[in-house]
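S.K.: just to be clear, the model below is a prediction. Sequence and coordinates:
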Amino acid sequence: MTAPSFEEMWAELLPVGRSASSGGYRRFAWNSADAECRAWFEQQARSRGLAYELDRNGNQWAWLGDPQAGGAVVTGSHLDSVPDGGAFDGPLGVVSSFAALDELRARGTELTRPLAIVNFGDEEGARFGVACIGSRLTAGVLSREAAYELRDADGLRLPDAMEKAGYDPGAIGADDDRLARIGAFVELHVEQGRYLAEDQPVGVAGAIWPHGRWRFDFHGEANHAGTTRIDDRRDPMLTYANTVLAARKKAGLAGALATFGKVAVEPNGTNAIASLVRGWLDSRAADERTLIALVAEIERAAAERGERDGVRVELTRESYTPVVEFDGPLRDRLAKRLDAPVLPTGAGHDAGILASAIPTAMLFVRNPSGVSHSPAEHAEEADCLAGVAALADVLEDLACQ
């Protein structure tokens, strides 16, 4: 049986989880679209004669060679999406990994190390609010106890969602033995931003900015929108709105990024003053000192405005990733092999989570629009194929020592 080409794999995966109304994707952890993506991954593995494995945290693996041998070279990414996200963020890395393996076989490459392709679960964190859950659990960055407390918007706990999808969550947790058998992890990803020039289809990641997610709870008092005097109101929406504006201003002054992209309101009635507004802040900066100071400034602005509005403000840090410097020798080796530029990135990735435990690196495929986390996200087919060739070159270099 001939393995499907990059173009064929891409076309098969493209409709899965796509919204007819927005054109974006809704592939959330452990939902039906996620199940289709997982079935697709298993099919790709088995069609190539690879050993398929589902690990203790629900991550999928496809192995060429003995998984127990040690020193394995691993590539891959994720298949889930942000709400109404684009087609390339995550899936490009997984599809390219299978295509790169096919390229190595076409070259007649004889590997001396085991090679694996992985699909990490719930990288985007769209359902349970924490990014990179699959890799965080594997690396021990997210404890089993903390994972068990995660809930989606409907109040369903993460382990219950896993069980409902047919997976036993009883074994989730750090997977030290697996990580000890990996010599290097290389993740290919669509460029997020626009740094690569037209004659540079592929770049190498240098470092990931520190970043995190914070939940602001603005507690006010529910009341009638038509009968409550302005001076008698304790409206948390005012405090929230002012905090959004303050975050934008303070981030600009600090040369950093701060975004309120998600909000929940109670009781969420048109003719009611809200009792509670929850807003989620995503913030990133070039260094940790700037990031911590920025969030503190935003919190201070929220509290000061809340005092004026009669609104109580609570801040909860839901996730945080410090600055990630990718393995220097591995990064430089890839850049030299590919004659590719080294780029910074403000986006988090599974490779960044694993970097504290094993040598990791990333390749970026040029994104001509610079748009990401949107249906407008794009990469030209020629650049994608150049990415496949580059990934094959890197895997050949690493797995043939």
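M.R.: Done, it's in.
S.K.: would you map out the domains in this protein?
M.R.: Domains of the chain are assigned by automatic domain parsing as 6-209+323-399, 211-321.
S.K.: most neighbours per residue, which of those domains?
M.R.: Most buried of the domains of the chain, by mean neighbour count (mean count of other Cβ atoms under 10 Å): domain 6-209+323-399, with a mean of 20. Every residue, glycine included, has its C-beta placed from N, CA and C.
S.K.: returning to that earlier point: reformat the domains of the chain as JSON lines; add mean pLDDT.
M.R.: Putting the domains of the chain into JSON lines (pLDDT from 0 to 100) gives the following:
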{"stretch": "domain 6-209+323-399", "mean pLDDT": "95"}
{"stretch": "domain 211-321", "mean pLDDT": "97"}
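S.K.: ranges for the helices of the stretch 201-350 of the chain?
M.R.: For the stretch 201-350 of the chain, the helices defined by DSSP state H, counting those that start in this stretch occupy 236-254, 288-309, 328-338, 350-354.
S.K.: from the contact counts, what lies against the longest one?
M.R.: Helix 288-309 makes packing contacts with strand 211-219, helix 236-254, strand 276-284, strand 312-321 when contacts are defined by 3 or more Cβ pairs under 8 Å, 6 or more residues apart in numbering; DSSP states H and E.
S.K.: run through who's touching the first one.
M.R.: Yep, that's strand 211-219 we're talking about. Strand 211-219 is contacted by residues 125, 129-131, 236-237, 239-240, 243, 275-285, 291, 295, 299, 302, 306, 311-321, 346, 348 when judged by Cβ atoms under 8 Å, 6 or more residues apart in numbering.
S.K.: what do you get for the second one?
M.R.: Contacts made with helix 236-254 from outside it, assessed by Cβ under 8 Å, 6+ apart, are listed as 216, 218-220, 257-260, 263, 265, 273-277, 279, 281, 283, 285, 290, 293-294, 297-298, 301-302, 305-306, 309, 311, 313.
S.K.: what's the answer for the last one, then?
M.R.: With contacts defined as Cβ under 8 Å, 6+ apart, strand 312-321 is touched by 125, 129-131, 208, 210-219, 239, 280, 299, 302-303, 306, 348, 352-353.
S.K.: check contacts around L343.
M.R.: By Cβ under 8 Å, 6+ apart, L343 lies in contact with E191, Y195, L196, G203, V204, A205, G206, F364.
S.K.: picking up where we left off before, could the helices of the stretch 201-350 of the chain go into CSV alongside distance to V394?
M.R.: Compiled in CSV, the helices of the stretch 201-350 of the chain are given as follows (distance: least, Cβ to Cβ, whole Å):
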stretch, distance to V394
helix 236-254, 35
helix 288-309, 30
helix 328-338, 6
helix 350-354, 13
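S.K.: quick one: closest of these to N57.
M.R.: Of all the helices of the stretch 201-350 of the chain, helix 350-354 sits nearest to N57, with 11.7 Å by Cβ to Cβ.
S.K.: so which strand or helix has S135?
M.R.: Assigned by DSSP states H and E, S135 belongs to helix 133-139.
S.K.: ok, now G387?
M.R.: Element membership for G387, per DSSP H and E: helix 381-399.
S.K.: quick one, that helix and helix 328-338 angle?
M.R.: Between helix 381-399 and helix 328-338, the angle formed by their directions is 130 degrees, by axes from the mean of the first three to the mean of the last three Cα atoms, to 10 degrees.
S.K.: tell me what helix 381-399 is packed against?
M.R.: Packing partners of helix 381-399 (3+ Cβ pairs under 8 Å, 6+ apart): helix 6-13, strand 72-77, helix 91-107, strand 182-190, strand 202-208, helix 328-338, strand 360-365.
S.K.: pipe the ones you listed into JSON lines and attach distance to V371 per row.
M.R.: Output for those, formatted as JSON lines (distance: least, Cβ to Cβ, whole Å):
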{"stretch": "helix 6-13", "distance to V371": "19"}
{"stretch": "strand 72-77", "distance to V371": "19"}
{"stretch": "helix 91-107", "distance to V371": "14"}
{"stretch": "strand 182-190", "distance to V371": "10"}
{"stretch": "strand 202-208", "distance to V371": "17"}
{"stretch": "helix 328-338", "distance to V371": "25"}
{"stretch": "strand 360-365", "distance to V371": "14"}
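S.K.: with adjacent residues omitted, what lies nearest to E325?
M.R.: If the residues on either side of it in the chain are set aside, E325 comes closest to A207, at 4.9 Å by Cβ to Cβ, 6 or more residues apart in numbering.
S.K.: just to check, the one you found is in contact with F326?
M.R.: Yes. With contacts counted by Cβ atoms under 8 Å, A207 reaches F326, the gap being 6.4 Å.
S.K.: run the chain-centre distance for stretch 310-324.
M.R.: 18 Å (Cα atoms, centre = their mean, to the nearest Å).
S.K.: which residues sit against the next helix-or-strand element following the helix holding S135?
M.R.: The helix or strand immediately downstream of helix 133-139 is helix 144-148, counting by DSSP H and E. Residues from elsewhere that reach helix 144-148 (Cβ under 8 Å, 6+ apart): I133, L137, R157, L158, P159, P169, I172, G173.
S.K.: those residues in helices, which ones?
M.R.: Judged by DSSP state H, helices contain the following of the contacts of helix 144-148: I133, L137, L158, P159.
S.K.: could you measure from the first one over to A302?
M.R.: Okay, so that is I133. Here the criterion is Cβ to Cβ, to the nearest Å. By it, I133 lies 28 Å from A302.
S.K.: what's the answer for the third one, then?
M.R.: Between L158 and A302 the distance is 28 Å, computed by Cβ to Cβ.
S.K.: check F326 too.
M.R.: The spacing between F326 and A302, counted by Cβ to Cβ, is 34 Å.
S.K.: ok so, going back, want to try CSV for the helices and strands packed on helix 288-309, with distance to V141 as columns?
M.R.: As requested, the helices and strands packed on helix 288-309 are arranged in CSV below (distance: least, Cβ to Cβ, whole Å):
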stretch, distance to V141
strand 211-219, 13
helix 236-254, 26
strand 276-284, 18
strand 312-321, 8
